[in-house]
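Novice: coordinates for the following, if possible.
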Amino acid sequence: MLPVRALVYERSVLSDRFCFARNCRETGLFELAEWSIYLQWWTWLIRSFNGLHLDGIVYLRSSPGTCLERLRKRHRTEESGIGEEYLQQLHERHESWLLRGKIPSEFRRPVLVLDCDQEFESDEARSDHVLALVDRFLERLNATLGAASTATTIASTTPAA
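Specialist: Have a look, this model is predicted:
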């Protein structure tokens, strides 16, 4: 089998639209006019730039409590105002988008869900296991896309961890 070449993005225009911007609208941070402008811009962006297309998504699933714990551990000034309620909202948006498919069908993608509540950065066996799962996911995507594709494009997403 040929090696799988993949382009990996930390976030995507899909997570922006279906999680972060949606959360702004549903919590009242976006007024209706702002939401309308955002949707027009987002639609233009999707139609104008084919390179934004994703073939799959790796969901780094962490509980809001774990995300908050990691935010506090990083101790970044720009993250100091993030609370558990906001993380819970983002978690729910990610779950709705990635696990319950509550988006238009043309934006649904294959999803690999990785349990990231358990730390794997310093656990070599767990890290190897996670990398093997990602490798298998990429191989399946590559097989689905066929030989015509030069690269599989995926995005990883998590509320904040």
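
Novice: Arg93: neighbour count?
Specialist: Per other CB atoms under 10 Å, the neighbour tally for Arg93 reads 20. In this view, the C-beta of every residue, glycine as well, is placed from N, C-alpha and C.

Novice: which residue sits closest to it, ignoring its sequence neighbours?
Specialist: Excluding the flanking residues, the one nearest Arg93 by CB to CB, 6 or more residues apart in numbering is Cys19, at 4.0 Å.

Novice: does that neighbour touch His94 like I think?
Specialist: Yes - contact criterion CB atoms under 8 Å: Cys19 and His94 qualify, at 5.5 Å.

Novice: show me what the helix or strand where Glu85 lies is packed against.
Specialist: Here Glu85, judged by DSSP states H and E, is contained in helix 84-98. Here helix 84-98 touches helix 13-15, helix 22-26, strand 56-61, helix 64-74, going by 3 or more CB pairs under 8 Å, 6 or more residues apart in numbering; DSSP states H and E.

Novice: which elements pack onto the first one?
Specialist: In terms of contact count using 3+ CB pairs under 8 Å, 6+ apart, helix 13-15 is assigned the packing partners helix 32-48, helix 84-98, strand 152-157.

Novice: any idea how far the residue nearest to Arg93 lies from Glu85?
Specialist: Per CB to CB, to the nearest Å, Cys19 is found 15 Å from Glu85.

Novice: which of the residues in the helix holding Glu85 are buried?
Specialist: Neighbour counts using 16 or more other CB atoms under 10 Å place 86-95, 97-98 of helix 84-98 among the buried residues.

Novice: again with stretch 54-74
Specialist: Buried residues in stretch 54-74, defined by neighbour count with 16+ other CB under 10 Å: 54-64, 66-68, 70-71.

Novice: centre of the chain to that stretch, how far?
Specialist: With CA atoms, centre = their mean, to the nearest Å as the basis, stretch 54-74 stands 9 Å off its chain's centre.

Novice: any idea of the mean pLDDT in it?
Specialist: Average pLDDT, stretch 54-74: 93.

Novice: output the lowest mean pLDDT helix or strand found in this structure.
Specialist: Counting by mean pLDDT, DSSP states H and E, the weakest-scoring helix or strand in the chain turns out to be strand 152-157, with a mean of 64.

Novice: out of the buried residues of stretch 54-74, which two sit at the greatest distance?
Specialist: Of all pairs drawn from the buried residues of stretch 54-74, the one with the longest distance (CB to CB) is Asp55 and Leu68, at 31.5 Å.

Novice: quick one: buried residues of the longest helix seen in the chain?
Specialist: Scanning the chain for the longest helix, with DSSP state H as the assignment, gives helix 124-145. Buried residues in helix 124-145, counted by 16+ other CB under 10 Å: 130, 134, 137-138, 141-142, 145.
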